[in-house]
Each structure stands twice: as C-alpha cells, then as structure tokens.
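A.B. asks: A predicted structure for the sequence below; I have some questions about it.
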Amino acid sequence: MYVSHLSLHDFRSYPTIEVPLEAGVTAFVGRNGQGKTNLVEAIDYLSRLQSHRVATDAPLVRAGADQAVVRAAVVRDGRTATLEIEINAGRANKARINRSPLPRTRDLVGLVRTVVFSPEDLTLVKGDPSDRRRFLDDLMILRSPRLAGVRSDYDRILKQRNSLLKTAGLARGSAREGALATLAVWDDHLARTGAEILAQRLALVDALKPYVGKAYETVARGASRDDADITYKPVVEPVETTTPSVGTLRQAILEELARRQKDELDRGISLVGPHRDDLLLHISAGTERLPVKGYASHGESWSFALALRLAAYDLLRADGDDPILILDDVFAELDSQRRVQLAELVAGAEQVLVTAAVPEDVPEALAGARYHVKAGEVTRGE
C-alpha cells in the first residue's frame, strides 16, 4: 500500500498543491515552519481522521478558508483508489471514495493505514494515561475499522452520563429519584459499549506484547526482548483469570458502577470504564521490573517509545498490509546509533515518508526521492 499522489486545498498552510509520490522512501526537507510536516499530516489524517499534532480539526483549515480538502490516490495490490476528506470548519466533514460520497465519514478510516513516528511520541512514555489509551484505540481501529463507531458511541454516552451525574448530584427528593432511574439506563449503555472496547484493548495488548519486546531489543543498547513489557490496567478487575468475555466485562463494569455511584454523584464525573484505564510500561533493571515513567533514562524512554511504534507497524504488517510509515522530524531527536537502527529497520517498508530540517538528518539507509520545502513551495530535488 502506498500513496501515489497527494492533493491539498486550503489544508494548513497550503492554498493548493499537488505532490506526486511513489513507493519506497520520500523525504521532505526544509526548515521548521515551511510546511513539510503538513504534507505527511494530511496523509495520516486520511488514515485515522485525526491529526497527530492537534486535538481538533479547526487548525487544519487554512486561515480565512471555510473548508480544507485532502485527496490521495492510494495504490493497493496494483489497484488505485482516490480517497478524499472534506474538513469543514464548524460543520460535519464529508468523505468520498473515487468521487462517490460515503454515508458516514468514519467509513474512510483504515482504508489507508499509517504509523507515525514523531517527537511527540515521548508522551507515550512520559505523558498521561490518555496518551496511551489513544495509542491503543488508534491501532485497534486501524485493525478493525468498525470499532470507530463503538468508540464514538462510548464517547457520546460518557458525555451524556457525566451531564446526568452533575444533575443527579444536585437534585433532591423525587427529582433525584428520577435522575437515578435514568442513570441506571445510562449505566447499562456505558457497560455495554465499554465492555466491547475493554475486550478489544485486552486482546490488542496480548497481540502487541511480543512485538514490543522484540522491537525494544532492536533499538535499546544491550537489551533483550524480555527487558520491555506492557500490561493493560483496567479500573475493573474481572474474576476470570483467562481472557474474559464481553459479557463478563459488562457485568464487572456494572458492579463497579454500583459500588462507586456515591463517589460519582459527589464528583459529577464517571469514574468507571475504559476511559479511566491505563497501559502500564515496564523495563527490567537487574532482577527488578520497574515502571518506565519515573525510572527510565531519557535514552531508555525514547527506545520504549520507538518500540511501541515499531510494534504497531509489525502487528499491522502481520495482518497482511504494509502500513505507510511516517517519520516526522524524529531523527533529530535521536542519537546516532538509534538513528541508524531505526532507519535500517524501516527501510524495507513499501512506503516511507520522512520529514527533516536538513539533508544530514536523513540517514543513508533511507536514500530515495527528495523534495525541498520552502515557504509552501514543494520542489523535487536530487
């Protein structure tokens, strides 16, 4: 799978631009603020309908424009399809395949699959649990796009339930009784959708775990594949020791909701569900297993972040398709050894897109097509 042509209209800094691409390695070189990252961000957005740089769509639309359009010709198994997303400021986005509208924008998710390495990856290790949950959910949805709908439903249910908790917490008498009765209905909705997300995350972590160890062994100096480990930590602890069923998880969530109801009403927020879970990261230090956050050195933290991304790439590849690899200004953050190791690991991917401030930041192993980006102008170079 690779993108053979990218068209942008009013996306970020570009009024309009056409960029022909090819399989293999393509590097976009230019100083910061010239627009190189905007190009790869657009391709990643087509994959997940989210930016790896900002939380909302508004910054993606060029200042003064009402909408942005990202269009890409994607080649898969020798056949080409044109994917398009219309990003509308303050209104619903629209998606098309081969110029035909899709009934739902999220139907575009997963048709092109990307794995992005960026300086922000360090937040996977040092950031909040929400960063690690997002990492899992993005990968989960790329592997099974229908789960985009489940996650969207869960987010909607969570928002409405939180609003009801605030109302119920302040109500008295019959008004409180009515609010609590309504809350029971939303408890069931939360448990139903939350159990499916939780089951999928647990299965994903089990599948990802061996790839993380293998990747860490490759990028960390003197490490073995047993030196890195990931564990999913849910708020609810199901009784079953084997992989729990969705039904078991649903019941566990309902029981925990009942147990924590007073706390939730007092605080006006939902304290139970996959939105409160975490992905625990550990490294070995002698015979001890220590959390990466707070104990790992800067180099070890970077190695673990790279291992998570490499593991995601290997898992998607094992599913049958080479995802497009995007290396966004990542080499400037790495020491020379990790730079060479990462380049050699990804050089064989079907398509690798690299951004760099200077040509010297692109490792020799990633020689290929090169574009120079300056003040929004993209020119093919040697």
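C.D. replies: Received, thanks.
A.B. asks: C-alpha from now on. contacts and neighbour counts both.
C.D. replies: Fine.
A.B. asks: need the contact list for residue 42.
C.D. replies: 11, 51, 70 (C-alpha atoms under 8 Å, 6 or more residues apart in numbering).
A.B. asks: Now do the SS call for the last one.
C.D. replies: Three-state call for residue 70 (DSSP: H, G, I helix; E, B strand; the rest coil): strand.
A.B. asks: where along the stretch 51-200 of the chain do the strands fall?
C.D. replies: With strands called from DSSP state E, counting those that start in this stretch, the stretch 51-200 of the chain shows them at 67-76, 79-88, 94-97, 100-101, 114-117.
A.B. asks: Quickly run through the sheet partners of the shortest one, with directions.
C.D. replies: Note on strand 100-101: by DSSP bridges, its sheet partners are strand 94-97 (antiparallel).
A.B. asks: contacts for the partner strand?
C.D. replies: Applying C-alpha under 8 Å, 6+ apart, the set of residues contacting strand 94-97 from outside is 81-88, 101-102, 104-105, 108.
A.B. asks: could I get these as TSV with pLDDT and distance to residue 235?
C.D. replies: TSV is the format used below for these (pLDDT from 0 to 100; distance: C-alpha to C-alpha, whole Å):
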residue	pLDDT	distance to residue 235
81	95	42
82	96	42
83	97	39
84	96	39
85	97	36
86	96	38
87	95	36
88	93	37
101	95	40
102	95	37
104	92	32
105	93	32
108	93	32
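A.B. asks: what two of the residues you listed have the greatest distance between them?
C.D. replies: Taking C-alpha to C-alpha as the measure, the contacts of strand 94-97 span a maximum distance of 22.7 Å, between 81 and 88.
A.B. asks: Looking at these two, which has the bigger crowd around it?
C.D. replies: For residue 81 and residue 88, the more surrounded residue by other C-alpha atoms under 10 Å is residue 88, and the numbers stand at 18 against 15.
A.B. asks: Identify the residue spatially nearest to the spatially most central residue of the chain, adjacent ones excluded.
C.D. replies: Here the mean C-alpha position of the chain is nearest to the C-alpha of residue 138 (C-alpha atoms, centre = their mean), at a distance of 3.8 Å. The shortest distance from residue 138 to any residue that is not its chain neighbour, by C-alpha to C-alpha, 6 or more residues apart in numbering, is 7.1 Å, and that residue is residue 48.
A.B. asks: what residues are up against that neighbour?
C.D. replies: By C-alpha under 8 Å, 6+ apart, the contact set of residue 48 is 109-110, 113, 138, 142.
A.B. asks: I'd like those as CSV, with pLDDT and distance to residue 252 appended.
C.D. replies: As requested, the contacts of residue 48 are arranged in CSV below (pLDDT from 0 to 100; distance: C-alpha to C-alpha, whole Å):
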residue, pLDDT, distance to residue 252
109, 91, 31
110, 87, 31
113, 93, 34
138, 94, 25
142, 92, 27
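A.B. asks: Buried members of the residues you listed into PyMOL, please.
C.D. replies: Command for PyMOL that selects the buried part of the contacts of residue 48, burial taken from 16 or more other C-alpha atoms under 10 Å:
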select buried, resi 109+110+113+138+142
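A.B. asks: Give me the subset of the contacts of residue 48 lying in helices.
C.D. replies: When the contacts of residue 48 are checked against helices (DSSP state H), the matches are 138, 142.
A.B. asks: so which of the contacts of residue 48 comes closest to residue 26?
C.D. replies: Of all the contacts of residue 48, the one sitting nearest residue 26 is residue 113; the distance, using C-alpha to C-alpha, is 17.0 Å.
A.B. asks: thought residue 272 was touching residue 259?
C.D. replies: No: counting by C-alpha atoms under 8 Å, no contact exists between residue 272 and residue 259, whose distance comes to 9.8 Å.
A.B. asks: More neighbours: these two, which one.
C.D. replies: Set side by side, residue 272 and residue 259 give different neighbour counts by other C-alpha under 10 Å, the larger being at residue 272 (25 against 12).
A.B. asks: ok, that one - contacts?
C.D. replies: Contacts for residue 272 were tallied using C-alpha under 8 Å, 6+ apart; they are 235-236, 253, 256-257, 260.
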